[in-house]
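A.B. asks: please find the sequence and the predicted model below.
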Amino acid sequence: MSLEKIIYSAVFSGILYLDNVHVGQFLFSRPALAGIILGYINGCPVEGAQAGIITELLLFDFVPVGGSVPPCGIAAVAISLLLYAHTGINLSLAFFTGIFLSVLYAKVEFFLRAYRSKWNAKIEEKIIAGEHKLYPRLILALITESAALSAFIATAFCFFHILFGFIKMSFIYPAADLAYSVMPWLGLSALYFRFRTQVRKK
Amino acid sequence: MDKKLKIRIFLRSFLIQAGWNYERFQNIGFYLSIYPALEKIWKDKPAEFKKSLLRHFSTFNTQPFFVGFILGNAWKMEEKLSAEPSETLEKNISNVKQALACSFASIGDRIFWGRLKPITTQICITVWILTGYTGWLITSESRRWLSDASLLAGPLAGILIYSVFAVYLRWRGISIGYDCGGISSCGLETANWSRIIKHLSAAGFILSAFLILFSVFALVSTAANTAGPAGIIYNMFPPLAVFLLHRIVRRFQKSIFYAIGAILLVSIAWSMAAGM
């Protein structure tokens, strides 16, 4: 286990996550690309690509409209790869751990968005008082978002690293491998039904 | 139109979703983006400047790539208000802004989130198929050699197409919005959006069908080579079961995580039965 790589991966994921909502939305944060880059950092780019694209396919079931918070793709792929590369568990088990934790991170994101609502009244007061610049607040928001995801990834990794150290999970590998082998089909199904519904709409 | 100001607004518009909150959505990002225009328009009238800042700090939510249309429009309306102050025009700024935000949110969500984003994933997989990488489908092939360039080419190809369109729309939107500023349908007639949406849906559906056909072909050929005709039926069963399961989950309007959970449970039961 390389502590440096884990820290780099967590910090990099946090920075990349800003592209998802807060800055640009160029899709640099898409799990397929994030998976490859995190894979390079941790010595498993092909596995990163695989886990990334499957995560991306599955998460197309969620559309981020109207303020809904979909599961976090980067959290899923980062946790999967860190567990796979540094805990020594199968990619399949690491993948399922990551994908379920991505739902948990959506709750954290929801909390952060809700918390920022309190800012409005304070900012309005400042505007009235003649303080117009919002950059300090925005930088704080960006740092918080980035740091929250990095901390989440690092904490989740540490927790499962210790847990999988105590409980030998090899008994579940055949089941996890079997379930993982059909995940691309589930993703393709999600993609197919999404477009089929759209094409049928008049 | 002041080109330098347009560039400043354009660059700031990339932060439209920064500070997103549940009370007023993208208000912080919109305030930040329109700020240089307001600063210039109201530079000699501090009280009016403050009023305009508060006006643009109100609730705002749209699709981020279409925000240029609304920023250009608001910029022009503020200029008009500065030249001929009137209460009606002042109220109109907020009304037009809200009307456009809703319309562009509906169009933009359907184009970008609903269609273009999934299409970029389809492009990524298609590029990988062309470079001979099938590890995205046959998970046991994950350790197969693949050059760095081919690996990165998949996601980057989709990102390039998506981002070029998104950035162009942000940039052009400011000019279009500015040119017809004050009209509540400003920018909506720029393109035949419903036709674009229809074409994107068709393209996405064709690509989905292609990917499924390719996947079935890849699975059948792998099974035929290793286990013969009986192996084909055996290997085709899990994908068909997954499609059926996903269909059922969708019918009950449940999230895909229900399907993942069910697959995991069945896999555990299957493995336990096989191990006995």
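C.D. replies: That came in fine, so what should we check first? Numbers count the residues shown, from 1 in each chain, chains lettered A, B, ... in the order given.

A.B. asks: wait, residue A:47 sits on residue A:40?
C.D. replies: No - judged on C-beta atoms under 8 Å, residue A:47 makes no contact with residue A:40 at a distance of 11.0 Å. Where you see a C-beta, it was placed from the backbone N, CA and C, and this is true even at glycine.

A.B. asks: the more surrounded of those two?
C.D. replies: residue A:47 (25 against 14; other C-beta atoms under 10 Å in any protein chain shown).

A.B. asks: list the buried ones in the strand or helix carrying the more buried one?
C.D. replies: Here residue A:47 sits within helix A:45-59, counting by DSSP states H and E. Residues of helix A:45-59 classed as buried: A:45-59 (neighbour count, 16 or more other C-beta atoms under 10 Å in any protein chain shown).

A.B. asks: go on, stretch A:99-108?
C.D. replies: Buried residues in stretch A:99-108 (16+ other C-beta under 10 Å): A:99, A:100, A:101, A:102, A:103, A:105, A:106, A:108.

A.B. asks: distance between it and the chain's centre?
C.D. replies: 8 Å (C-alpha atoms, centre = their mean, to the nearest Å).

A.B. asks: may I ask you to name the longest helix in chain A?
C.D. replies: If each helix of chain A is counted by residues according to DSSP state H, the longest one is helix A:135-166.

A.B. asks: that one and chain B in contact?
C.D. replies: Yes - interface with chain B: helix A:135-166 contributes A:137, A:138, A:141, A:142 (C-beta under 8 Å from any C-beta of the partner chain).

A.B. asks: tell me if I'm right that residue B:169 and residue B:68 touch.
C.D. replies: Yes - applying C-beta under 8 Å as the test, residue B:169 and residue B:68 come out as touching, 6.7 Å apart.

A.B. asks: between these two, who's got more neighbours?
C.D. replies: residue B:68 (29 against 23).

A.B. asks: for that one, pull up the helix or strand it's in.
C.D. replies: Counting by DSSP H and E, residue B:68 is part of helix B:67-83.

A.B. asks: tell me how far the ends of stretch B:172-187 are from each other?
C.D. replies: 10 Å (C-alpha to C-alpha, to the nearest Å).

A.B. asks: residues making contact with that stretch?
C.D. replies: Where contact means C-beta atoms under 8 Å, 6 or more residues apart in numbering or on different chains, the residues beyond stretch B:172-187 that reach it are B:1, B:6, B:9-10, B:13, B:66-77, B:79-80, B:92, B:95-96, B:99-100, B:103-104, B:190.

A.B. asks: for that stretch, which positions count as buried?
C.D. replies: Quick answer for stretch B:172-187 (16+ other C-beta under 10 Å): B:173, B:174, B:176, B:177, B:178, B:180, B:181, B:182, B:183, B:186, B:187.

A.B. asks: any idea of the mean pLDDT in it?
C.D. replies: Averaged across stretch B:172-187, the pLDDT comes to 89.

A.B. asks: stretch B:107-124 too?
C.D. replies: Stretch B:107-124 comes out at a mean pLDDT of 93.

A.B. asks: now what about that stretch, what contacts it?
C.D. replies: By C-beta under 8 Å, 6+ apart, stretch B:107-124 touches A:27, A:30, A:32, A:53, A:56-57, A:60, A:63-65, A:191, A:194-195, A:198, B:62-66, B:154-155, B:157-159, B:161-162, B:165-166, B:188, B:193, B:196-197, B:200-201, B:203-204, B:207-208, B:211.

A.B. asks: returning to what we had before: turn the buried residues of stretch B:172-187 into CSV, including secondary structure.
C.D. replies: Formatted as CSV, these follow (DSSP: H, G, I helix; E, B strand; the rest coil):
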residue, secondary structure
B:173, helix
B:174, helix
B:176, helix
B:177, helix
B:178, helix
B:180, coil
B:181, coil
B:182, coil
B:183, coil
B:186, coil
B:187, coil
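
A.B. asks: chain A: which of the residues you listed is nearest?
C.D. replies: Nearest to chain A, judged by C-beta to the nearest C-beta, of the buried residues of stretch B:172-187 is residue B:173 at 14.6 Å.

A.B. asks: coming back round to it: so what does the helix holding residue B:68 touch, helix or strand wise?
C.D. replies: helix B:3-12, helix B:27-41, helix B:46-55, helix B:87-108, helix B:148-179 (3 or more C-beta pairs under 8 Å, 6 or more residues apart in numbering or on different chains; DSSP states H and E).

A.B. asks: distance-wise, check residue B:241 relative to residue A:175.
C.D. replies: 15 Å (C-beta to C-beta, to the nearest Å).

A.B. asks: who has more neighbours, these two?
C.D. replies: residue A:175 (24 against 14).

A.B. asks: name the helix or strand for the more buried one, please.
C.D. replies: helix A:173-181.

A.B. asks: quick check: what element follows that helix along the chain?
C.D. replies: helix A:183-200.

A.B. asks: so that following helix versus helix A:173-181, what angle?
C.D. replies: Orientation note: helix A:183-200 sits at an angle of 30 degrees relative to helix A:173-181 (axes from the mean of the first three to the mean of the last three C-alpha atoms, to 10 degrees).

A.B. asks: got the CA coordinates for helix A:183-200 in CSV?
C.D. replies: What follows is helix A:183-200, C-alpha atoms only, in CSV (Å, rounded to 0.1, in the frame of the first residue of the first chain):
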residue,chain,number,x,y,z
MET,A,183,-22.9,-5.3,-15.1
PRO,A,184,-22.0,-4.1,-18.7
TRP,A,185,-25.2,-5.7,-19.9
LEU,A,186,-27.2,-3.9,-17.3
GLY,A,187,-25.5,-0.7,-18.4
LEU,A,188,-26.3,-1.4,-22.0
SER,A,189,-29.9,-2.1,-21.1
ALA,A,190,-30.1,1.3,-19.3
LEU,A,191,-28.7,3.0,-22.3
TYR,A,192,-31.0,1.2,-24.7
PHE,A,193,-34.2,1.8,-22.8
ARG,A,194,-33.3,5.4,-22.3
PHE,A,195,-33.1,6.1,-26.0
ARG,A,196,-36.0,3.8,-26.9
THR,A,197,-38.3,5.8,-24.6
GLN,A,198,-37.1,9.0,-26.3
VAL,A,199,-37.5,7.7,-29.8
ARG,A,200,-41.1,6.6,-29.0
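
A.B. asks: measure how far whichever strand or helix holds residue B:269 is from the centre of its chain, please.
C.D. replies: Residue B:269 belongs to helix B:256-275 when assigned by DSSP H and E. Here helix B:256-275 is found 33 Å from its chain centre; the criterion is C-alpha atoms, centre = their mean.

A.B. asks: pLDDT of it, averaged?
C.D. replies: On average, helix B:256-275 scores 92.

A.B. asks: repeat that for stretch A:16-26.
C.D. replies: The model assigns stretch A:16-26 a mean pLDDT of 92.

A.B. asks: just stretch A:5-12 next, same as before
C.D. replies: pLDDT averaged over stretch A:5-12 gives 96.
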